[in-house]
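Undergrad: Structure, please.
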Amino acid sequence: MQADRSSGILLHPTSLPGPFGIGELGEEAYRFVDFLASSQQHLWQVLPLGPTGYADSPYASFSSFAGNHLLISLRQLANDGLLEEAALASPPAFPTTSVDYGAVIEFKMPLLWQSFERFNARATPDQRKWFEQFCQNNQHWIDDYALFMALKDEHHGAPWTEWEPDLVARKPEALSAWQNRLAERANFHAYLQYQFSMQWSSLKQHATARSIQIVGDLPIFVAHDSADVWAHPELFYLDETGSPTVVSGVPPDYFSATGQRWGNPLYRWDKLAQTGYAWWIERFRAALALVDLLRLDHFRGFEAYWEIPGTEETAVKGRWVPGPGADLFNALEKALGQVPVIAEDLGVITPGVVALRKQFGFPSMRVLQFGFSSDARNEHLPHNFERQTLVYTGTHDNDTTLGWYRTREPLEQHAVREYLATDASNVSLDLIRLAFSSVAQFAIVPLQDVLALGSEARMNMPGRAAGNWAWRYQPGALQDWHRDWLAHITRMFNRIPPTEPAHVEHTPALHTPGAGAV
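TA: Have a look, this model is predicted:
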């Protein structure tokens, strides 16, 4: 993939500030885009944008195609006449530095339902036509997803394997009966997807106009309790009850004597190949309609993946199984052209994985925090980088740089200071400067490191069952000096693409194409 040197910030939209308990696709999102533009950044990386399931993880979504309806801007719905202003006047006293997902759901879902009822009662013929057109354009997934979510509501959130046997087996007469019974509820979930799509499209247009590309995230595996698996059981290794016979994970290593049992159902790649990888092509097509570049999670699993028997409680008794390899990516390129993928190739990577990545020209990933625990040959140190690389200070799975440095052993802290040639009193900014100065094609840093925050601002701790994905930044946290400093080092290290926007507005009027006031 050919591209100019550029840089940007990793921030999931849930982490934006705002009065309604969670980041939204409203005014604060536009302000963040404007901050990126004014600080000369050209990349905004987000985590997976789907509706979150177990433990609020964006990597355990109810759908590979749907958007997270909790990101819908309530203020924008009010601007469009779909909510009363009074309904937003006195929100609960949500925490400002974290997301309380339970409280947000309790507050937002009734308001989203109110907007749905008002849309049904007051939408113009054109607005109804736009909604119907959206559903038609996405028919290959939205009907199954909307019914799946309506059924989850009806079954109080229970996983689909605990529903009535006829629904688990997707018997046509049962699907038809429940579709008729839950038609309004299913239509509500389709409406939420319409509103998410309209608001995201408007925000993305705002970013594109400011020469900012959005970097998305595509997990290799899908959640078992998802519309994907329920609607397409033939594509996964499942038994007659819908339970996975084999699941995903990684083998035992230096960090874990029992490995990691992720638990996602595994694909039947032979069945997918027989369809020309149609499901994967549609998944990529949908993702690239939302973002400009894709970080492809667990890239090594496409070359070979660790298969664990579904009855095993750990990853010890697994085996390596060949993945689809080049066959999948050839099919994707035939259908979609060159796919703008960045390969997440962290961990123990084999020569076969490297060859697959290089065959298709996908950039590799490096993390500066991983660079100081061994010797000068460490591949995460910038003097060992290839140009076709995306470098991070840390990722969403790492501690913040300040939190990481504070917990290092004295010898590793000394190695950091020696390499940086500083006293590390501003270690977060030092590591950002190191990333920007490197030969890597792309440099992306978490906003927490720009703000020099400690471990309290960590986004995710792998292996921790709860308390992840909640961090939010405070209103007013981004100062003029952050903007000026980022712009300075971006220019210094030539990370400004040759075409710059002629003008940047700092307080745009919000508008959602197609939604309109009613």
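Undergrad: Leaving out chain neighbours, which residue sits closest to Glu24?
TA: Spatially, and ignoring its direct neighbours in sequence, Glu24 is nearest to Ser73 (4.3 Å; Cβ to Cβ, 6 or more residues apart in numbering). Yep, even glycine has a C-beta here, placed from its N, CA and C like the rest.
Undergrad: Just list the residues touching that neighbour, thanks.
TA: Glu24, Leu25, Gly26, Glu27, Ala29, Gln199, Leu510 (Cβ atoms under 8 Å, 6 or more residues apart in numbering).
Undergrad: so Trp44, which of the three states?
TA: strand (DSSP: H, G, I helix; E, B strand; the rest coil).
Undergrad: Next, count neighbours for the spatially closest residue to it that is not a sequence neighbour.
TA: Once flanking residues are discounted, Trp44 sits nearest to Ile214: 5.2 Å by Cβ to Cβ, 6+ apart. The local packing of Ile214 (other Cβ atoms under 10 Å) involves 21 other residues.
Undergrad: Spell out the secondary structure type for Ile214.
TA: Three-state assignment for Ile214 (three-state DSSP): strand.
Undergrad: Quick one: low-confidence residue ranges for the chain.
TA: Within the chain, the ranges that satisfy pLDDT under 70 run 1-2, 498-518.
Undergrad: What residues of the longest helix seen in it count as buried?
TA: What stands out as the longest helix in the chain, according to DSSP state H, is helix 183-209. For helix 183-209, a neighbour-count test (16 or more other Cβ atoms under 10 Å) marks 185-204, 206-207 as buried.
Undergrad: Same question for stretch 168-185.
TA: For stretch 168-185, a neighbour-count test (16+ other Cβ under 10 Å) marks Val168, Ala174, Leu175, Trp178, Leu182, Arg185 as buried.
Undergrad: The last one - nearest residue in space that isn't next to it in sequence?
TA: Excluding its sequence neighbours, the residue lying closest to Arg185 (Cβ to Cβ, 6+ apart) is Ala150, at 3.9 Å.
Undergrad: Validate this expectation: the one you found resides in a strand.
TA: No - Ala150: not assigned to a strand; according to three-state DSSP it is helix.
Undergrad: So Leu434 is in contact with Leu420, correct?
TA: Yes - the criterion here is Cβ atoms under 8 Å, and Leu434 meets it with Leu420 at 6.5 Å.
Undergrad: Neighbour count: those two, which is higher?
TA: A direct count of neighbours by other Cβ under 10 Å for Leu434 and Leu420 places Leu434 higher, at 20 against 16.
Undergrad: Pretty sure that one sits in a helix.
TA: Yes - applying three-state DSSP, one finds Leu434 inside a helix.
Undergrad: so who does it touch?
TA: Shown in contact with Leu434 (Cβ under 8 Å, 6+ apart): Leu368, Pro382, Tyr419, Leu420.
Undergrad: count of neighbours near the first one?
TA: Put plainly, it is Leu368. For Leu368, using other Cβ under 10 Å, the count is 27.
Undergrad: how near is it to Ala443?
TA: Distance of Leu368 to Ala443, computed by Cβ to Cβ, to the nearest Å: 10 Å.
Undergrad: what is in contact with the two at once?
TA: Common neighbours of Leu368 and Ala443, using Cβ under 8 Å, 6+ apart, are Val391, Tyr392, Ala435.
Undergrad: wait, which of those is closest to Trp262?
TA: Using Cβ to Cβ, the shortest approach to Trp262 within the shared contacts of Leu368 and Ala443 belongs to Tyr392, at 21.8 Å.
Undergrad: Name whatever forms a beta bridge with the closest one.
TA: Beta bridges link Tyr392 to Val367, Ile444, judged by DSSP bridges.
Undergrad: Check the contact between it and Leu368; I expect there is one.
TA: Yes - contact criterion Cβ under 8 Å: Tyr392 and Leu368 qualify, at 6.9 Å.
Undergrad: between those two, what contacts are shared?
TA: When contacts are counted by Cβ under 8 Å, 6+ apart, Tyr392 and Leu368 have Ala435 as shared neighbours.
Undergrad: Arrange the shared contacts of Leu368 and Ala443 in JSON lines, one row each, with distance to Ala355 and neighbour count as further columns.
TA: Shown next, in JSON lines, are these (distance: Cβ to Cβ, whole Å; neighbours: other Cβ atoms under 10 Å):
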{"residue": "Val391", "distance to Ala355": "22", "neighbour count": "26"}
{"residue": "Tyr392", "distance to Ala355": "24", "neighbour count": "27"}
{"residue": "Ala435", "distance to Ala355": "27", "neighbour count": "26"}
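Undergrad: I'd like to know which of those is nearest to Thr52.
TA: Closest to Thr52, out of all of the shared contacts of Leu368 and Ala443 and judged by Cβ to Cβ, is Tyr392, at 22.6 Å.
Undergrad: for that closest one, what are its contacts?
TA: Counting by Cβ under 8 Å, 6+ apart, the residues that Tyr392 touches are Leu10, Met365, Arg366, Val367, Leu368, Asn398, Ala435, Ala443, Ile444, Val445, Pro446.
Undergrad: Show me where the stretch 351-500 of the chain has its strands.
TA: For the stretch 351-500 of the chain, the strands defined by DSSP state E, counting those that start in this stretch cover 364-367, 389-392, 442-446.
Undergrad: Nearest to Gln260, out of those strands?
TA: Proximity to Gln260, assessed across these by Cβ to Cβ, is greatest for strand 364-367 (18.0 Å).
Undergrad: who touches the closest one?
TA: 295, 342-346, 357, 379-380, 385-386, 388-395, 398, 440.
Undergrad: The residue nearest to Trp44 contacts Leu47, correct?
TA: No - at 11.7 Å, Ile214 does not count as touching Leu47 under the criterion of Cβ under 8 Å.
Undergrad: out of the contacts of Ser73, which is most surrounded?
TA: Neighbour tally across these (other Cβ under 10 Å): the maximum, 27 neighbours, falls on Leu25.
Undergrad: Now do the contacts for it.
TA: Leu25 sits next to Pro13, Leu71, Ile72, Ser73, Gln76, Phe196, Gln199, Trp200, Ser202, Leu203 when contact means Cβ under 8 Å, 6+ apart.
Undergrad: mind checking how far Tyr191 is from Phe119?
TA: Distance, Tyr191 to Phe119, by Cβ to Cβ: 7 Å.
Undergrad: Find residues that contact each of the two.
TA: Phe131.
Undergrad: Of the contacts of Leu434, which is the nearest to Pro462?
TA: Leu368 (18.4 Å).
Undergrad: The residue nearest to Arg185 touches Ala186, doesn't it?
TA: Yes - in this structure Ala150 lies within contact range of Ala186 using Cβ under 8 Å: 4.2 Å.
Undergrad: need the shared contacts of Leu368 and Ala443 in TSV with distance to Pro110, can you?
TA: Below are these laid out as TSV (distance: Cβ to Cβ, whole Å):
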residue	distance to Pro110
Val391	44
Tyr392	39
Ala435	44
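Undergrad: how far does stretch 252-260 stretch from start to finish?
TA: Using Cα to Cα, to the nearest Å, one end of stretch 252-260 lies 7 Å from the other.
Undergrad: what does that stretch rub up against?
TA: Defining contact as Cβ under 8 Å, 6+ apart, one finds that stretch 252-260 is touched by Gly249, Val250, Pro251, Trp306, Thr314, Ala315, Val316, Gly318, Val348, Gly463.
Undergrad: can you check stretch 98-112 too?
TA: 14, 20-23, 52, 56, 69-70, 72, 74, 77, 83, 87-88, 91-92, 94, 188, 192, 469-472.
Undergrad: Just the buried residues of that stretch, please?
TA: By 16+ other Cβ under 10 Å, the buried positions in stretch 98-112 come out as Ser98, Val99, Tyr101, Val104, Phe107, Lys108, Leu111, Leu112.
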